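Starting from these lines, generate the structure:
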Amino acid sequence: MVDDSIAHLLRRAGFGASSDDLATYGSISYNAAVDRLVNYEPTPDDVDEKIGQAGFVGTTSNGKFSPNTVISDARQRWLFRMVHSHRPLQEKMTLFWHNYFATGYTKVANVGQQDGTRLMAAKASEDSRGQQGQIELLRENALGSLRTLLTAISQDPAMLVWLDGNTNTRQNPQENFGRELMELFSRGVGFYTEQDVYAAARVFTGWNLRIDRGTGDGNNAYSFVYNANLHETAAKTFSFPIYSDGGTTIASRASSAGMQDGFDLINALAMHPETARRVVTKLYEFFVSETEPAPAAFINHLALIYLQNGSNIRPVVQTILLSPQFTDPSVYFTRYSWPVEYVVRAIKETGWTGFSLGTALTPLVNMGQQLFEPPDVAGWDLGPLWFSTGKMLARMNFASTLALNQKFRLGSAAAGARGSAQALLNFMLAKMTPADESGMYADLLAYTGTGTWTGSDAQLQTRASGLAHLILGSAEYQFV
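Below is the predicted model:
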């Protein structure tokens, strides 16, 4: 059993605690737990090798499981990683960046459904053409520098398709990426002008997509290419400083050196104080609270850490997780659970024996979050917008499906609590970790103790499963 502070840490910096997580973190200090989560590189990343093995959550595929080329399989592989990875913070940050650099499969799949999946999710080590998907890029850079990530995402094939960088030429500058680079990926709304958008479009002219045709969909190779002959070489002037001396103009360069225009702009944006404040505020809301405004002094402190460390995210996240702002019990359960967080935490806490992640895919759509398919470039609507009547009903229906599927496992796990209805309820509340249970305790106890209490295996199975359904579907379980 872990204490409340580490349980809070595992919900926010991971996806809740399975029995394996409890064994790992139950005997170490809070600071040691943060260090293990943040500095995850020594922990082997072998979770994908466990797919299909006994003892792990299952997957369902139409044919051979192929997460590099079939998008439903790719979604299940990522959910599998969230459930079982021993690097939970890496997966949590990958999810954060997936919303930050929101890229949708449906448009990317215009290149072909299999190739679209590869551009979104393929592992280069497993792909016949060595294709790396965008999610793998985000995972590799989960706690790296934003400057590095902006440079990589500007050359990512999926992003080049998503924001039309593959058509950006000096004859017809394409504004989509330049606009989103400033509005969503760095400084934010209100800190650029329309002239900046046009200048940024010209900065990235010639940053295009190369396609090496293979034998068909699923076997083409996509990579970034700089077409010097398509680059606009004239000077580009911005309304904000590009260089440390305050200069706002990227001088004219020969086309052969034109890629430096993009590097200069990315560096200026990544290291701008407004970018620092915007990024650390998003991290604060993701890890600490989205129901209370972030303290200005703390945001300024985090922004300074970001800038002093060359836009590296790791020291910022570590500072957040060790801060009194994060560890204060008043912020426990003050962030609305994303559908993916809800589903993964429910599986980790309820159990997965005989359960397939394929069962979770449609419910996630109904809850409002389909992996690899954010609604637009701004990402998902967060907070209370997750909770329309239909979306909440989808959560309750998923809770019913999962709880019924785990009926026998839950009954077995609760064998030590067969002495009374109250003992079983207390066991289940400790296992499921909802927010303040006081408001629903009496009703849950009344349900648990209905009729004559015998503590038989059949009664344990029925009541434990029923309690799991009620707890997972309760308002108190929708916060992390």
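
hey, let's count contacts and neighbours off CA atoms from now on
Fine.

any idea how far G216 is from F224?
20 Å (CA to CA, to the nearest Å).

List the contacts of stretch 236-255.
Outside stretch 236-255, the residues within contact range by CA atoms under 8 Å, 6 or more residues apart in numbering are 192-193, 195-196, 199-200, 202-203, 228-229, 231-235, 261, 264-265, 267-269.

scratch that, stretch 206-223 is what I was asking about
69, 111-115, 118-119, 128-131, 155-157, 160-161, 165-170, 224-232, 259.

Just the terminal-to-terminal distance for that stretch.
13 Å.

Could I get the average pLDDT for that stretch?
Mean per-residue pLDDT for stretch 206-223: 96.

And it, how far out from the chain middle?
Counting by CA atoms, centre = their mean, to the nearest Å, stretch 206-223 is centred 27 Å from the centre of its parent chain.

What residues of it count as buried?
206-209, 218-223 (16 or more other CA atoms under 10 Å).

The protein - how does it break down into domains?
4-274, 275-331, 339-477 (automatic domain parsing).

tell me how far the ends of the longest one are from each other?
With CA to CA as the measure, the first residue of domain 4-274 is 35 Å from its last.

quick one: contacts of the helix or strand bottoming out on mean pLDDT in the chain?
One helix or strand of the chain scores below all others by mean pLDDT, DSSP states H and E: helix 19-25, with a mean of 87. Helix 19-25 is contacted by residues 1-2, 6, 33, 348-349 when judged by CA under 8 Å, 6+ apart.

and what of stretch 290-307?
271, 273, 276-277, 280-281, 284-285, 312-313, 315-316, 319, 334-336, 383.

buried stuff in it?
Applying 16+ other CA under 10 Å to stretch 290-307 flags 290, 294, 298-300, 302-307 as buried.

out of those, which are inside helices?
Counting by DSSP state H, these place 298-300, 302-307 in helices.

For stretch 208-220, list the C-alpha coordinates in PDB.
This file holds the C-alpha atoms of stretch 208-220, laid out as PDB (Å, rounded to 0.1, in the frame of the first residue of the first chain):
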ATOM      1  CA  ASN A 208       8.900  19.500 -47.800                       C
ATOM      2  CA  LEU A 209       8.100  15.800 -47.900                       C
ATOM      3  CA  ARG A 210      10.000  13.200 -49.900                       C
ATOM      4  CA  ILE A 211       8.200  10.000 -50.800                       C
ATOM      5  CA  ASP A 212      10.200   7.000 -51.900                       C
ATOM      6  CA  ARG A 213       7.700   4.700 -53.500                       C
ATOM      7  CA  GLY A 214       7.700   1.100 -52.400                       C
ATOM      8  CA  THR A 215       5.400  -1.700 -53.500                       C
ATOM      9  CA  GLY A 216       2.200   0.100 -52.400                       C
ATOM     10  CA  ASP A 217       0.400   1.400 -49.300                       C
ATOM     11  CA  GLY A 218       2.200   0.200 -46.200                       C
ATOM     12  CA  ASN A 219       5.600   0.100 -48.000                       C
ATOM     13  CA  ASN A 220       6.400   3.700 -49.000                       C
END
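
Only the buried residues of stretch 143-155, if you could.
143-150, 152-155.

Stretch 126-139 too?
Result for stretch 126-139 [16+ other CA under 10 Å]: buried residues 127, 129, 131-139.

CSV for the residues you listed, including pLDDT?
Below are those laid out as CSV (pLDDT from 0 to 100):
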residue, pLDDT
D127, 95
R129, 94
Q131, 97
Q132, 98
G133, 98
Q134, 98
I135, 98
E136, 98
L137, 98
L138, 98
R139, 98
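
Among the residues you listed, which one sits closest to Q174?
Set against Q174, the nearest of those by CA to CA is Q134 (21.2 Å).

The closest one touches A121, doesn't it?
Yes - using CA atoms under 8 Å as the test, Q134 is close enough to A121 to be in contact (6.1 Å).

Give me the distance from stretch 139-159 to the chain's centre.
14 Å.

Over to stretch 441-461?
Distance, centroid of stretch 441-461 to centroid of chain: 38 Å (CA atoms, centre = their mean).

Same check on stretch 98-118?
The answer for stretch 98-118 is 16 Å, by CA atoms, centre = their mean.

Would you mark the buried spots in that stretch?
Here stretch 98-118 shows 98-109, 111-118 as buried, counting by 16+ other CA under 10 Å.

Okay, and which of these map to helices?
Going by DSSP H, the helices hold 98-100, 105-108, 113-118 from these.

quick check, nearest of these to E437?
Of those, the one sitting nearest to E437 (CA to CA) turns out to be N99, at 31.1 Å.

Tell me who's in contact with the closest one.
Going by CA under 8 Å, 6+ apart, the list of residues near N99 reads 374, 378-380.

What residues of the helix or strand harbouring F408 count as buried?
Using DSSP states H and E, F408 falls within helix 407-413. Of the residues in helix 407-413, 407-411, 413 count as buried by neighbour count, 16+ other CA under 10 Å.
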